[in-house]
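Visitor: Starting from these lines, generate the structure:
(one chain, ligands or ions: 1)
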Amino acid sequence: MTKPLPNSLRNLPDQHGRFGDFGGRFVAETLMPLILELETAYEKARNDPEFFDEFQYYLKHYVGRPSPLWLAERLTRKLGGAKVYFKRDELNHTGAHKINNCIGQILLATRMGKSRIIAETGAGQHGVATATVAALFGLPCVIYMGSVDVERQQPNVFRMKLLGADVRPVTSGAATLKDAMNEALRDWVTNVHDTFYIIGTAAGPHPYPAMVRDFQSVIGTEAREQIIAAEGRLPDIAIAAVGGGSNAIGLFHPFLDDPVQLIGVEAAGHGLDSGEHAASLSRGRPGVLHGNKTYLLQDADGQIMEAHSISAGLDYPGIGPEHAYLHDIGRVQYVAVTDNQALEAFQLCCRTEGIIPALEPSHALAHVMNIAPKLTDNKVILMNMCGRGDKDIFTVAKHLGEKL
Ligand SMILES: *Cc1c(COP(=O)(O)O)cnc(C)c1O
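Guide: Numbers count the residues shown, from 1 in each chain. Got it, this is the predicted structure:
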């Protein structure tokens, strides 16, 4: 990768953790020393070639990177327009991009001498990835999960238990992801000395959004090299699904200074006007949650609303602050697709490419299906296939009226 120029979009955040008006660290005074300790440790690690080598070692030999870049030829022919490539992050160990970030954070935790890992999880994917790396490094691990989600996501709860994690149901609030994250932050303040909090997306107080982005940027860095090798040039469009925004910013960040159109796809659930969606940028307003300022789904009183999506991984009422900034300056375009559109894309992908995608990237694919036919065949679209769909077959079966 080239080094960012002085006025590059890749230089953010500033020293206060701000992306323009967004980001920052809005945390209780008791949390501040922890956040500052983490920032110092991360600053040191990211400038240490040994840390980078270690990170690369685990990505290569444990995660299975680099993930391939796949020209989806049958899909391209079927859509009859732009050439479509998939970045195959669904082939990673544990089946999604989340492990990239977990490896980076647990390496930092061990450097900092921390001996206990905590994390929040919604659908359970980040919980499983965290429990995986905790097992790998032999550290005890507590996963906070809303009690509603514990009921909805039994297979992932059992996976975490198999991996040795202690899954703690959270009953406060709506008993979902937002409440699990609050509880994890409380645990962190109480267990200052030995605990490292592995946040699962590019959100939270500074330095998390920047740190998670840096770890996930391996996706875009690899994809940029791979597409240049395949096509002799940059793609015209790069596209990814957006929940909290970590896989999307990981794909986008290495392309921010390039003449590449970037598109983030939010979950429109039952429709943007139904009140049941997870489209924080399309329908949210700026506010503060989980230690940073960003776009949030909130009611007229500023209360955080429950997000809805067929895809549990997109079901977060906020979005990472860097996306909020890239949205406001117009560098990245954000669109939204519904549950039904994602289901269509899911099925098309299974049948034309022999890949069962997760429901999250099925949202990105649904938008590819919208735009590819309108483009000429010399255009190139790069889409992040950020997760595999084994976890989603029960949800899909239910929507298709199939009994398993
Ligand atoms: C968790 C998850 C997401 C959403 O998280 P981001 O931080 O927005 O990437 C998307 N896709 C998959 C497969 C996931 O597991």
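Visitor: which regions of the protein sit below the pLDDT cut-off?
Guide: Within the chain, the stretches with pLDDT under 70 are 1-2.
Visitor: Might you name the residue of it sitting closest to the ligand?
Guide: Taking C-beta to the nearest ligand atom, the ligand has its nearest neighbour within the chain at G387, 2.2 Å off. Any C-beta I mention is one placed from the backbone N, CA and C, and that applies to glycine too.
Visitor: Next, find the distance separating that residue from R186.
Guide: Distance from G387 to R186, counting by C-beta to C-beta, to the nearest Å: 29 Å.
Visitor: And those two? Which one has more around it.
Guide: Per other C-beta atoms under 10 Å, whichever of G387 and R186 has more neighbours is G387, with 27 against 15.
Visitor: So what does that one have for phi and psi?
Guide: phi -160, psi 160 (degrees, to the nearest 10).
Visitor: what helices or strands is the strand ranked longest in the chain leaning on?
Guide: If you go by DSSP state E, the chain has its longest strand at strand 261-269. When contacts are defined as 3 or more C-beta pairs under 8 Å, 6 or more residues apart in numbering; DSSP states H and E, strand 261-269 sits against strand 237-241, helix 246-252, helix 280-283, strand 332-338, helix 339-353, helix 359-371.
Visitor: can you pull the contacts of S115?
Guide: L139, P140, D194 (C-beta atoms under 8 Å, 6 or more residues apart in numbering).
Visitor: so how far is the helix or strand hosting E151 off the chain centroid?
Guide: Using DSSP states H and E, E151 maps to helix 147-152. Offset of helix 147-152 from its chain centre (C-alpha atoms, centre = their mean, to the nearest Å): 21 Å.
Visitor: can you pull the buried residues of that helix?
Guide: For helix 147-152, a neighbour-count test (16 or more other C-beta atoms under 10 Å) marks S147, V148, D149, V150, R152 as buried.
Visitor: was I right about the second one contacting S172?
Guide: No - V148 sits out of contact with S172 when judged by C-beta atoms under 8 Å, with a separation of 11.3 Å.
Visitor: who touches the helix holding E151?
Guide: Under the contact criterion C-beta under 8 Å, 6+ apart, helix 147-152 has outside partners 121-124, 157, 167, 169-171, 174-177, 180, 312.
Visitor: which parts of the stretch 201-350 of the chain sit against the ligand?
Guide: The stretch 201-350 of the chain comes close to the ligand at residues T201, A241, V242, G243, G244, G245, S246, N247, A248, G313, L314, as judged by C-beta under 6 Å from any ligand atom.
Visitor: at 8 Å instead, please
Guide: Applying C-beta under 8 Å from any ligand atom, we find that the stretch 201-350 of the chain lies next to the ligand at 201-203, 212, 216, 240-248, 250, 311, 313-314, 316, 320.
Visitor: Show me how the protein divides into domains.
Guide: Residue ranges for the domains of the chain, per automatic domain parsing: 26-61+98-212, 64-95+218-399.
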